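Visitor: Using only what follows, build the 3D model:
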Amino acid sequence: MTGSDRDLFASLTPDERALWAWVAPQLDAADIEEIAEADYGADVPEYRRALTDLVHSPGLPDDLRRDPAEVLALTRWTTPAGRRDHLRRLFACTLLVRAVTAAGNPVDSLAPLVDSAWELGEPARDAALRFLAWCRLNLPGDWRDDPSAPVFLTLAVLLLSAETATAAALAAVLVEELDVVLTDPELPWRRRPRSPLYVRRDSDSASTRRLWSALVTRCLVDNPAVVDPRLTALGRALDGNAATPITELRALFTGTT
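Guide: Numbering: from 1, shown residues only. Below is the predicted model:
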């Protein structure tokens, strides 16, 4: 990341605890019990104790390779039906995005985090934006393990900033980072995915890809508050509905940062 790119993310007031300080106090005993039971009802007392400790912790842990990582991961994959479900999923994903986990691949946890923050509206969106801006600057947890993963952090920050004046500059950073990933000879190559987000990755479930595509469409393509046609064009390329070469996407945002 260049100095000017770091300045751009720094302008978003990054804060590691912004989202945690917002979501953790909103979980009550019933929410903790719901998450604790996610592992098909196994080891509920142990999970409950670990989750209660986390809820009352002033900060986010660096390592989640042990309890209660299993129930947090299972909560991540739920399909929220309402506000409480989104709060629980947001809580789980905040921890999984920040920490080292046994499974790695934080991209799987990032998509549902953005989805729930978007659905919950303000102030969840702003808190998520500040947290993810901090993550992009610091790459905590598992983010350094895969060279193609940080691009998704930039994408997440862009999606949460799509309606702001910084969106075009963030889009320019995203395209430059994506170009680097696409030309990296050390990364695998997958011909099947239509979106350039996935052609250099050997992970990501189909559900994760579908959620990212839906988020890009919702935030950049079908969002009436986004009036910059360049953002719409980028969104169509990222969700696989337009086969726009990366060179053309770069040209759209030349001189933006």
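
Visitor: Please count neighbours and contacts with C-alpha atoms only from this point.
Guide: Will do.

Visitor: quick one, helices of the stretch 101-250 of the chain?
Guide: 107-120, 124-138, 150-160, 167-182, 206-216, 229-238, 246-252 (DSSP state H, counting those that start in this stretch).

Visitor: Format the CA atom coordinates belonging to the second one as PDB.
Guide: Spelled out, it's helix 124-138. What follows is helix 124-138, C-alpha atoms only, in PDB (Å, rounded to 0.1, in the frame of the first residue of the first chain):
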ATOM      1  CA  ALA A 124     -23.500   0.100  12.400                       C
ATOM      2  CA  ARG A 125     -22.300   1.000   8.900                       C
ATOM      3  CA  ASP A 126     -20.100   3.700  10.000                       C
ATOM      4  CA  ALA A 127     -18.700   1.600  12.900                       C
ATOM      5  CA  ALA A 128     -18.000  -1.200  10.400                       C
ATOM      6  CA  LEU A 129     -16.300   1.100   8.000                       C
ATOM      7  CA  ARG A 130     -14.000   2.500  10.700                       C
ATOM      8  CA  PHE A 131     -13.200  -1.100  11.900                       C
ATOM      9  CA  LEU A 132     -12.500  -2.400   8.400                       C
ATOM     10  CA  ALA A 133     -10.400   0.700   7.500                       C
ATOM     11  CA  TRP A 134      -8.200  -0.200  10.600                       C
ATOM     12  CA  CYS A 135      -8.100  -3.800   9.400                       C
ATOM     13  CA  ARG A 136      -7.000  -2.800   5.900                       C
ATOM     14  CA  LEU A 137      -4.200  -0.600   7.400                       C
ATOM     15  CA  ASN A 138      -3.000  -3.200   9.900                       C
END
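
Visitor: Could you pull out the buried residues of that helix?
Guide: By 16 or more other CA atoms under 10 Å, the buried positions in helix 124-138 come out as 124-137.

Visitor: Repeat that for stretch 42-51.
Guide: 44, 47-48, 50-51.

Visitor: Among those, which are located in helices?
Guide: 44, 47-48, 50-51 (DSSP state H).

Visitor: pLDDT below threshold where in the protein?
Guide: 257 (pLDDT under 70).

Visitor: 80 - rerun?
Guide: 65, 192, 255-257 (pLDDT under 80).

Visitor: Nearest residue to the middle of it?
Guide: Here the mean C-alpha position of the chain is nearest to the C-alpha of residue 110 (CA atoms, centre = their mean), at a distance of 2.8 Å.

Visitor: Does that residue touch residue 92 like I think?
Guide: No. Using CA atoms under 8 Å, residue 110 is not in contact with residue 92; the gap is 10.5 Å.
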